[in-house]
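*Asks:* coords please:
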Amino acid sequence: MATTTKQTPGITKLQGASAEPPPKRILGYDVARALAILGMVVVNFKIVMGAETGPAALRWAAGLFEGRAAAVFVVLAGVGLSLLSAKGRIHQNAQQIHHDQWVLRKRALFLFGVGLLFAPIWPPDILHFYGVYLLIGSFLLAAPNRRLWWWALCFTLGFVALLLVLDYEAGWDWETLTYVDFWSVRGMLRHLFFNGFHPVFPWTSFLLVGLWLGRQDVVNPRLRRRLLVWSLLVAGVVEAFSFLLSHLFSGDLALLWTTHPLPPTPFYIAASTATAVAVIMLCLEITMRYDNAGWLQPVVATGQLALTLYVAHVILGMGFLELLGRLENQSIQFALCAALVFWLLAMLFAHYWRKRFQRGPLEWVMRTLTTHT
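*Replies:* Coordinates of the predicted model:
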């Protein structure tokens, strides 16, 4: 079948795209995903256990992961979309792009459905949000780089616009951190797009930055280090301004300058995006230097089973702690130890699973159901 080269709407020559897709899997992305799993488990165990006792330094350190680990995941999801669609995008093959879009839309539907099934067990679920992010991203697979940044800005500022006209606290029971009208149409839409744990406005901006990042020549060490320096600089400046403005302006206005994920203000989005890029660049740097190191293989395998381990940390990890009667009113020391033990066991499982199977259990199910046309 002849390759389609004719320009079609929405498929334009990209700015800054590499000449060819990466020749092999870039392990740094898997390592970054594995570290994000650790951060996610730390945050979720800490919240569920109500771990507010113990050394202040440990509570502060654990708090640094809040909203940051999930942001790394979403940026990496955008990177994955970019790599999946690289061939069709670079060669401006409309047929291939169309195929990639439908694969992503089926995966979006799969994740949205799994997330809704998972939500009664785990209300802070991110999978149903992921489904909407992927759906939106599928329409922008071939968008020029500049357009991706503009859309990211629109989603970020769109949240501010919604914040000015809607009640951010609607639907929330802050005492129990539950969303009381999640299963109503109005509550679901509000939760998905505005004031849920990871709302489409502004969280889709993380995915769009990842789409851009996945197009960059990260094999180039100078580019990696430049991105690392700039991301650290942006994160530092944003955090500094947030701290300063929060002390200058008190009351409800101070919420506009916070870098906390609830509510996800532009300060939070900027700081978390920069932090995510910095983490990813550091992981790329390590794996580019030590790509054959045996100690990296379990970490890489852990990142490759992220979907399976995300579900497992709730069903198996928290389930086991509940059986022991250790899921509530625990110290920060116990929460951190439990998170680390789960992560180490997850690495052990992932390492030996990948020796026998190409994909994780849930990864295999998703690919089987969504890849074939």
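*Asks:* and residue 356, how many neighbours?
*Replies:* 6 (other C-beta atoms under 10 Å). Using the backbone N, CA and C atoms, a C-beta is placed for each residue, glycine as well.
*Asks:* Do you know the pLDDT at it?
*Replies:* The model reports residue 356 with a pLDDT of 95.
*Asks:* How about the contacts made by it?
*Replies:* The contact partners of residue 356, by C-beta atoms under 8 Å, 6 or more residues apart in numbering, come to none.
*Asks:* same question, residue 205
*Replies:* 151-153, 155-156, 269, 273.
*Asks:* Now the phi/psi pair for residue 172, please.
*Replies:* phi -100, psi 140 (degrees, to the nearest 10).
*Asks:* quick one: the nearest residue to it once chain neighbours are set aside and residue 125, what's the gap?
*Replies:* Nearest non-adjacent residue to residue 172, counting by C-beta to C-beta, 6 or more residues apart in numbering: residue 179, 6.2 Å away. Using C-beta to C-beta, to the nearest Å, one gets 11 Å for the distance from residue 179 to residue 125.
*Asks:* same question, residue 310
*Replies:* The gap separating residue 310 from residue 125 is 9 Å, by C-beta to C-beta.
*Asks:* ok, back up a step: quick check: phi and psi at the residue nearest to residue 172.
*Replies:* Here is the backbone geometry of residue 179 (degrees, to the nearest 10): phi -100, psi 110.
*Asks:* My guess is it contacts residue 123. True?
*Replies:* Yes: under the criterion of C-beta atoms under 8 Å, residue 179 makes contact with residue 123 at 6.5 Å.
*Asks:* of these two, who's got more company?
*Replies:* residue 179 (21 against 15).
*Asks:* Near residue 39, how many other residues are there?
*Replies:* Count around residue 39 with other C-beta under 10 Å applied: 23.
*Asks:* Over to residue 25?
*Replies:* Residue 25 has 11 nearby residues by other C-beta under 10 Å.
*Asks:* same thing with the one 5 residues further on?
*Replies:* Using other C-beta under 10 Å, residue 30 has 22 neighbouring residues.
*Asks:* how about the nearest residue to it once chain neighbours are set aside, what does it touch?
*Replies:* Computed as C-beta to C-beta, 6+ apart, the closest residue to residue 30 that is not its neighbour in sequence is residue 303, at 3.4 Å. By C-beta under 8 Å, 6+ apart, the residues touching residue 303 are 29-34, 37.
*Asks:* Poorly predicted segments of the stretch 151-300 of the chain, please.
*Replies:* Where the stretch 151-300 of the chain drops to pLDDT under 70, the residues are 251-252.
*Asks:* If we use 90, what do you get?
*Replies:* 173-178, 243, 245-258, 289-296 (pLDDT under 90).
*Asks:* Which stretches in it count as strands?
*Replies:* 172-173, 178-179 (DSSP state E, counting those that start in this stretch).
*Asks:* and of the ones you listed, who's closest to residue 25?
*Replies:* For residue 25, the closest of these is strand 178-179, at 37.6 Å, according to C-beta to C-beta.
*Asks:* Mind giving me the packing neighbours of the closest one?
*Replies:* strand 172-173 (3 or more C-beta pairs under 8 Å, 6 or more residues apart in numbering; DSSP states H and E).
*Asks:* just checking, what packs against the strand it packs on?
*Replies:* Looks like strand 172-173 contacts strand 178-179 (3+ C-beta pairs under 8 Å, 6+ apart).
*Asks:* Neighbouring strands - and their directions - for the strand it packs on?
*Replies:* Looking at strand 178-179 with DSSP bridges, its partner strands are strand 172-173 (antiparallel).
*Asks:* contacting residues around the strand it pairs with?
*Replies:* Under C-beta under 8 Å, 6+ apart, the answer for strand 172-173 is 178-180, 195.
*Asks:* How about residue 133, nearest residue that isn't a chain neighbour?
*Replies:* Among residues not flanking residue 133 along the chain, residue 207 sits closest, at 4.6 Å (C-beta to C-beta, 6+ apart).
*Asks:* thinking again about what came up before, of the contacts of residue 205, keep whichever come out buried.
*Replies:* Buried subset of these (neighbour count, 16 or more other C-beta atoms under 10 Å): 151-152, 155-156, 269, 273.
*Asks:* CSV for the residues you listed, including distance to residue 76?
*Replies:* CSV is the format used below for the buried ones among the contacts of residue 205 (distance: C-beta to C-beta, whole Å):
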residue, distance to residue 76
151, 18
152, 15
155, 18
156, 19
269, 16
273, 12
